[in-house]
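[1] 3D model of this:
(one chain, ligands or ions: 1)
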Amino acid sequence: MKVYKLIVFIYTLCGKAVRFPHLLILRFRLICYGVKFGKGLSVRGWINLHISPRAKVVIGNNVMLKSGFADNPTACSSKTCLWCYRGSNLVIGDNTGLFGTTIICSESITIGNKTLIAGGTHIYDSNFHSMDPKVRTEGDDGQVETSPVNIGNQCWIGSRCIILKGVTIGDQAVIGAGSVVTKDVPPRQVWAGNPARFVKEIIGESK
Ligand SMILES: CC(C)(COP(=O)(O)OP(=O)(O)OC[C@H]1O[C@@H](n2cnc3c(N)ncnc32)[C@H](O)[C@@H]1OP(=O)(O)O)[C@@H](O)C(=O)NCCC(=O)NCCS
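    This is a model prediction of the structure:
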């Protein structure tokens, strides 16, 4: 039993030793990219970053960024990825957690405070390509539809959702696992499915 405890202790120490460089490296990379981030940033695993020098990215206080097989089981097979194009604005609020979440920001994506986004969820504010096949096949720069995404405070987005351009998700809303959100979700409602539809109101105290 003592040997087992010793092994667990050493294993835990090794885990912490691995996490520390991840945090240092991420902070260094964020500074290099000109990202403003608050205190208490917590990081697990490798975070993929592609941030244009002309993008504006603000990460609040006590934000959790987790990737892959680290701390959150729903993010096992997915890394957190922040991809921000030139001229885009990304805001991640205080005490918000991204667990294996992909955010691709072409115009504006805002996530409020105390919001949890589970493993494998993708958030896009762009169609990426033109609907016109000629434009699309000949390189569709400048002809792609974009529209801001706003996710409120204290929301909970389940695993493997896709939040599409132009969507606003109200405070304290819950999105069921595997949903594709194409329309605005009012505050304090549960929506789920593809396309996501109203499921129920959230009953209980709102703080
Ligand atoms: C959204 C969720 C939290 C709601 O749970 P719940 O309150 O127990 O809801 P219920 O199971 O009573 O479902 C209510 C209705 O919504 C439907 N529904 C629930 N989740 C759904 C989903 N993800 N996709 C499609 N429909 C869904 C149910 O089929 C049910 O429909 P019905 O009334 O026609 O029978 C839950 O379904 C869910 O998605 N959990 C996973 C969350 C997750 O991804 N966590 C990752 C870790 S953070």
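[2] mind checking the end-to-end distance for stretch 99-111?
    14 Å (Cα to Cα, to the nearest Å).
[3] same question for stretch 53-72.
    31 Å.
[4] buried sites along that stretch?
    Neighbour-count burial for stretch 53-72 flags 55-57, 59-60, 62-68, 70-72 (criterion: 16 or more other Cβ atoms under 10 Å). In short, each C-beta sits where N, CA and C put it, glycine included.
[5] name the residues of this structure found near the ligand, please.
    74, 116, 118, 158-159, 174, 176-179, 190, 192-193, 199 (Cβ under 6 Å from any ligand atom).
[6] so residue 190 is in which element?
    When elements are assigned from DSSP states H and E, residue 190 belongs to strand 189-192.
[7] cool, and residue 30?
    Using DSSP H and E, residue 30 maps to helix 2-32.
[8] same question for residue 61.
    Going by DSSP H and E, residue 61 is not in any helix or strand.
[9] rewinding a little: got a winner among the residues of the chain next to the ligand for most neighbours?
    Ranked by the number of neighbours (other Cβ atoms under 10 Å), the residues of the chain next to the ligand place residue 179 first, at 25 neighbours.
[10] any idea how far residue 76 is from that residue?
    20 Å (Cβ to Cβ, to the nearest Å).
[11] show me what the worst-scoring helix or strand of the chain on mean pLDDT is packed against.
    Ranked by mean pLDDT, DSSP states H and E, the weakest helix or strand in the chain is helix 2-32, scoring a mean of 81. Packed against helix 2-32 by the contact rule (3 or more Cβ pairs under 8 Å, 6 or more residues apart in numbering; DSSP states H and E) you find strand 42-44, strand 48-51.
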